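**Student:** Give me coordinates for this.
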Amino acid sequence: MNGRMSDMPEKGSGGEPVEMPRNSFATGSRVPGLVDEMRGIPVSGFALARELTSRTDGIIRKIFDSGEFATGGGWSIVALGSYGRRELCPFSDIDILFLLEKKTSSHQVESNLKEILYPMWDAGLTISYSVRSLKEALHDARGDFFLHTSLLDARHICGSERIFRTFIVTLAADRYLNDVGRFVSALAFHTRKRHERFDDTTCFHEPHVKEGRGCLRDLQSIAWLEKILKAGRCGLVSLIGRTECRELSRTADFMLKTRFILHEITGRKTDRIHLEHQDELAREMGYVSHGDESAVEVFLRDFHLKAAAVHTALDALLRYLNRPRSLTLFPARTKHDGPFIIHSGLLSFSRPEELKGRPLLVMSAFLKMAREGLNLTPQARAQIKDLVPYDTSLRVSSAGCTELLRLLQIPGLEHALISLLDTGVLEQLVPEFSAIRGRTIFDAYHSRTVDMHSIHTVCALHDLIAEERAAFALVSDPEALYFSALFHDIGKGSARPHTESGAEIVGSIAGRFGFDRDRSELAAFLIRNHLVMPDIALRRDLCEEKVIDGLARLAATPQRLSMLYLLTIADSRATGPEAWSEWKASLVRELYVRTLGVLENGIFRDPENAMRLDEKWRRLIKAAEGDGRISGRLWALPQEYILKNDVRDVRRHLALSSALAGNGDLHVDAARRRDHIIVTFIARDCPGLFSILAGLLAVNRLEIVSARIFTWYDGTVADTFTVTPPWPDWWEWNGIVRQFADVIEGKLDLEDRIRKITPLLTGPGLDSASSGEAVSLAVDNEGSDFFTIIDVQARRRAGLVYDISRAITSSGLDIHRAFLTRKSDLLSGVFYVTDANGEKLRERSLRHVVLQPIGRMIGMP
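**Tutor:** Residues are numbered from 1 along each chain as shown. Next up, the predicted model:
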C-alpha cells in the first residue's frame, strides 16, 4: 500500500479514502528559526540538515513510543530519500516506509497507521508514506527505478531493527538490483530526461537547486553510483580520485545549505532560486560584492562553477560505466595508441606517471579527443586535475598555446574544449580567462555563463563553415578568427565596456600564441567591434548610403568584414535562442552583402536594385491591366516602398487601400513569421497616426520589434510593424480595427487605456533582471543624409513607444523609420525624423523641440 497524506484507507472500509480533519494537515517539516538559531556560528549545510533530521527523528520516535503501535514488533519505520540521507530541509517531504516483516491484514495496517500518522500530521510533519512487506519492497524495487534509488538511502528510525537489518542484507544480496550495468543504464536514461526538462534560459538565471544540471539530484546520483559500485566491489575513489571526492563533498554541502536557506527565506518548499530571492539568499550564504560584481553575481558564479564540475563528473562516470562491454569484465575494444589507451570512445593514459615530466602530453590528449571524437575516462580526468595545481610548466606556455591554437581549428572540438576548461588547463595557459569563469550575464538572451558561451561561440563558427562558404572563402587567417571567437568576451571580467577592455587584454594574450603585430591588431579589431554589425542592422536604416559606407570604412577589407560577420553570427547563436532570429539574421546578412559590395566594387548602389525595381514595375503594370483596384494608382507608390515589399504584398495593399472610405477606416495585412508577426496597417494619413497604431498595439499587448513607415503620394499610409504576440495563437486584428475607429472618432481615450494595462502572467513580459544600464537620449544629425536620428534608451513598460512617438509628433516632427530592440529591462528605439517641411532639424532647435519632451516621457532628470 502506497500513499501520501490523503490516501490512507479508512478503518474497515476496504480501501476507500478516510476523510481527514483539515487541521491535521501540516504545511511542512519546518522547525522554525533553525537558521536564526545558528546565526553567527559558522555552520555547514550538512549540519543544518542533520539537526533538522535529528529533531524530526525525535518527534517520530516519541509518537511511536507513546502508542500501542510500538508493542507490535512486526513493523519497522524507515526513512527514505533526503530524510534517509539526513539531508532534510525545512519544507522537504518526509518520506517514510512502514516496513512489515510479512503481509498483514488491512484492518491491522489501517489501525496502526491512524495511530501514528494522525499525531505526525498534528505535530506539523508533511509525511509521504508507503506500506510494504519485505517481499513487496524488493519486488516493487525491481520494477520501479525511483523506488530502488530511495531504498538505497534507507535508514532505520524506530520499530524493529531486526526487520530493517534483514531488509538491508536482502537488498544488498539481490543480484538484479545490484547489477551495475542495468542500474547505470537506467540512471543515465533518467538523468538525460531530467536535464532536458531543466535546461533552458530560465534555469540558467533562476537555477533549480534540486533538479538542475550539476545540482543536488546529480550529486545524489553520484552517491547512488558509489553504493552500487561498492556492492560490485569497486570504489568511486578509484575512478575519480580523492581530490574530486572531496570537491564533490564540499559542493554537496554548498548546494544543501543553499536549498535549506532558500526554504527558510520563502517559507515554503521552493527549489528554484527565483530572482526576487537571490539578494537575500546571497546575503544569508555569506556573499558580498567584489569589484564590479554584486553579491548575487558572486554567488551565482560559485553556484554555476560548482554545478558545472558536478555535471561533468557525473557525465564522465556515466559514459565510463555505461560503455559497451564484452561478455568478460573488460571493455569490448581496447586500442593502445602510443601514450594513450582508447576503449569504447574513451581516452586514458597508458602511463599516467609520465604526465609530470611531459606536460604537453595533456594537450596531445585534447587534440586526439577533438580529432577522433573521444571523451576522457574519469581516471584520466582526475589525473589531469591533480596535475594542474602542482605543475606550473603549462602556465602561459607558448608551446601549450600553440597546441591550443591547433585545437581551435578542429571541427567537433566541443568535448575537448570543455574538458580543457573543466580540468583547469585552459586557465593555466591563459590566466586571464579566470576572470570570466562562471560569470553570469543578467539579460533575456544569455543562457550560459561567459566561459561556456565563449566555447560555444567557437563551436558555432565551425557549424557555419558549410552554411557560409562564400564568407569563409574570404578569410585567409582562420586561426585569428577562432582565436578571437574564444576570447571575444574576455573583457567581461572588467568594470569597463568589455569590447574595449577585451581588445586591450587580448593584445598580451596574442603574443603567447605566436601572433605578430598585424595579427594581434586583427584580433583586437574583431573583439573591439564584435557588437557593431548587429547594432547597425537592428538600429539603422540599411538603405542609407552613410550607414553602409561607415561600416565599410571601419572594416577596410573584405576579409575583416567577413570575419566580423561570421563572428557576429556565431556569437549570437551561442548566446541563446532569443538572441538570433530569422528576422535578425536577414538584417545582418543584408548589411554584410551591401557593405561587401562597397568594399569589392567601390560603389554603394547595387546595380541589381535597378533591375529588381524594373522587374517589379513590369509585373505591377501587367497586374493593373486586369484589376481596377490597381490601375491608375501605381503613380502613388514611392520607389523605396516598391523595393522593400514583395509584388504580391504591394497588390494586396493597393486593393485594401482602394476600400478606404474615410479617416476612421483601417485595413490590416498580417502574416506569421515563426515567433513574430509582420503586420501592415493601411489607412489615410492623419496627425499622430504612428503614435495611435503604436498605442493600439500596446493596448493589445503586442510588443513592437521594428517599424517602417511609408506614406504614398496620394496620402495613403502603409505602416509595417514586426511584433511579438502576447501568446502564440493571438490573432485579434478585428478588435484593433474597431479600436482605431473609436480613437479617430474620440470614443476611446487611448492614453487612459494604456495606463490601465496589466502585465500578463505568461508571455513576453518585462524581464526581471536589470541590465544595469542608464536611460539615455541622443540626437544625431550626421548619421543620415536625409533624416535626423533620435536615439532613445528607456526602461521598458507598456505604452513606451506610444509615449515617445507622441512626444516626437507633438513637437511637429514626422517619423519615417523606427527601429526598436530590447535588452533586459531596457528598450532601445531609433527614430528617423524630419520637420514639417521634410527637412532635417536645424541644430539650434534640437534641444527645445526634441530633447525636453522625450526626456520627460522617459524619466530623464
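
**Student:** Please enumerate the strands of the stretch 1-150 of the chain.
**Tutor:** 2-3, 75-79, 94-100, 127-133 (DSSP state E, counting those that start in this stretch).

**Student:** want to try TSV for those strands, with mean pLDDT and mean neighbour count as columns?
**Tutor:** C-beta: built from backbone N, CA, C; applies to glycine. Converted to TSV, the strands of the stretch 1-150 of the chain look like this (pLDDT from 0 to 100; neighbours: other CB atoms under 10 Å):
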stretch	mean pLDDT	mean neighbour count
strand 2-3	44	14
strand 75-79	94	25
strand 94-100	94	23
strand 127-133	92	21
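
**Student:** can you tell which of those strands is closest to residue 495?
**Tutor:** strand 94-100 (47.4 Å; CB to CB).

**Student:** Around the closest residue to residue 500 other than its chain neighbours, count how many other residues there are.
**Tutor:** With CB to CB, 6 or more residues apart in numbering as the criterion, residue 500 has its nearest non-adjacent residue at 6.5 Å, and that residue is residue 528. The tally of other residues near residue 528 (other CB atoms under 10 Å) stands at 19.

**Student:** Show me what counts as buried in stretch 749-761.
**Tutor:** Buried residues in stretch 749-761, defined by neighbour count with 16 or more other CB atoms under 10 Å: 750, 753-754.

**Student:** So which of those sit within strands?
**Tutor:** Residues of the buried residues of stretch 749-761 located in strands (DSSP state E): none.

**Student:** now, which of these sits nearest residue 152?
**Tutor:** Nearest to residue 152, judged by CB to CB, of the buried residues of stretch 749-761 is residue 754 at 57.9 Å.

**Student:** The closest one contacts residue 698, correct?
**Tutor:** Yes. Look at residue 754 against residue 698 with CB atoms under 8 Å: they come within range, at 5.5 Å.

**Student:** Break the protein into its domains for me.
**Tutor:** What the record gives for the chain is the domain set 2-176, 178-322, 332-429, 450-601, 648-858, from automatic domain parsing.

**Student:** closest one to residue 441 among these?
**Tutor:** domain 450-601 (6.5 Å).

**Student:** ok, which stretches of the stretch 751-861 of the chain are helices?
**Tutor:** Using DSSP state H, counting those that start in this stretch, the helices of the stretch 751-861 of the chain run over 800-810, 846, 852-858.

**Student:** any chance of these in CSV, with distance to residue 515 too?
**Tutor:** CSV is the format used below for these (distance: least, CB to CB, whole Å):
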stretch, distance to residue 515
helix 800-810, 45
helix 846, 45
helix 852-858, 44
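
**Student:** Serialize those helices to a markdown table and add fields for mean neighbour count, distance to residue 466 and mean pLDDT.
**Tutor:** Formatted as a markdown table, the helices of the stretch 751-861 of the chain follow (neighbours: other CB atoms under 10 Å; distance: least, CB to CB, whole Å; pLDDT from 0 to 100):
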| stretch | mean neighbour count | distance to residue 466 | mean pLDDT |
| --- | --- | --- | --- |
| helix 800-810 | 23 | 39 | 89 |
| helix 846 | 15 | 49 | 65 |
| helix 852-858 | 17 | 45 | 83 |
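
**Student:** Those: which one's closest to residue 553?
**Tutor:** Comparing the helices of the stretch 751-861 of the chain under CB to CB, the one sitting nearest is helix 846, at 25.8 Å.

**Student:** which residues in the stretch 601-750 of the chain form strands?
**Tutor:** 667-673, 676-684, 703-711, 716-724.

**Student:** Between these, which has the poorest mean confidence score?
**Tutor:** The stretch with the lowest mean pLDDT among the strands of the stretch 601-750 of the chain is strand 703-711, at a mean of 85.

**Student:** From the chain's centroid, how far away is stretch 363-379?
**Tutor:** 28 Å (CA atoms, centre = their mean, to the nearest Å).

**Student:** make that stretch 664-681, sorry
**Tutor:** Centre-to-centre, stretch 664-681 and its host chain are 30 Å apart (CA atoms, centre = their mean).

**Student:** for it, which positions count as buried?
**Tutor:** By 16+ other CB under 10 Å, the buried positions in stretch 664-681 come out as 664-667, 669, 676-681.

**Student:** swap in stretch 567-585?
**Tutor:** So for stretch 567-585, counting by 16+ other CB under 10 Å, buried means 567-576, 578-581, 583-584.

**Student:** Out of these, which comes closest to residue 61?
**Tutor:** Of all those, residue 61 sits closest to residue 576, with 50.6 Å by CB to CB.

**Student:** I'd like the distance between that closest one and residue 199.
**Tutor:** Noted for residue 576: a distance of 12 Å to residue 199, by CB to CB, to the nearest Å.

**Student:** hmm, back to that, next, format the domains of the chain as CSV and append distance to residue 612.
**Tutor:** Output for these, formatted as CSV (distance: least, CB to CB, whole Å):
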stretch, distance to residue 612
domain 2-176, 62
domain 178-322, 39
domain 332-429, 37
domain 450-601, 13
domain 648-858, 13
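
**Student:** burial count for the closest residue to residue 757 other than its chain neighbours?
**Tutor:** Spatial nearest neighbour of residue 757, excluding adjacent residues (CB to CB, 6+ apart): residue 798 at 4.2 Å. Residues within reach of residue 798, counting by other CB under 10 Å, total 20.

**Student:** what does residue 363 give?
**Tutor:** The number of residues packed near residue 363 is 22, by other CB under 10 Å.

**Student:** can I assume it sits in a strand?
**Tutor:** No. Going by DSSP: H, G, I helix; E, B strand; the rest coil, the assignment for residue 363 is helix, not a strand.

**Student:** Apart from its neighbours in sequence, what residue is nearest it?
**Tutor:** The nearest residue in space to residue 363 (CB to CB, 6+ apart) is residue 403, at 3.8 Å.

**Student:** and what of residue 723?
**Tutor:** In space, residue 723 comes closest to residue 702 once its chain neighbours are excluded; the distance is 4.3 Å by CB to CB, 6+ apart.

**Student:** pretty sure the residue nearest to residue 500 is touching residue 497, no?
**Tutor:** No. Between residue 528 and residue 497 there is no contact under CB under 8 Å: 9.6 Å.

**Student:** thinking again about what came up before, any idea how far the residue nearest to residue 500 is from residue 503?
**Tutor:** Distance from residue 528 to residue 503, by CB to CB: 4 Å.

**Student:** for residue 90, same thing?
**Tutor:** As defined by CB to CB, residue 90 lies at a distance of 49 Å from residue 503.

**Student:** now do residue 653
**Tutor:** For residue 653, the distance to residue 503 - CB to CB - is 46 Å.

**Student:** Check residue 464 too.
**Tutor:** To residue 503, residue 464 is 23 Å away according to CB to CB.

**Student:** The two: which has the busier surroundings?
**Tutor:** Between residue 464 and residue 503, counted using other CB under 10 Å, the more crowded position is residue 503 (24 against 17).

**Student:** How about the contacts made by that one?
**Tutor:** 491, 524-525, 527-528 (CB atoms under 8 Å, 6 or more residues apart in numbering).

**Student:** Can you check the distance spanned by stretch 626-642, start to finish?
**Tutor:** End-to-end distance for stretch 626-642, by CA to CA, to the nearest Å: 20 Å.
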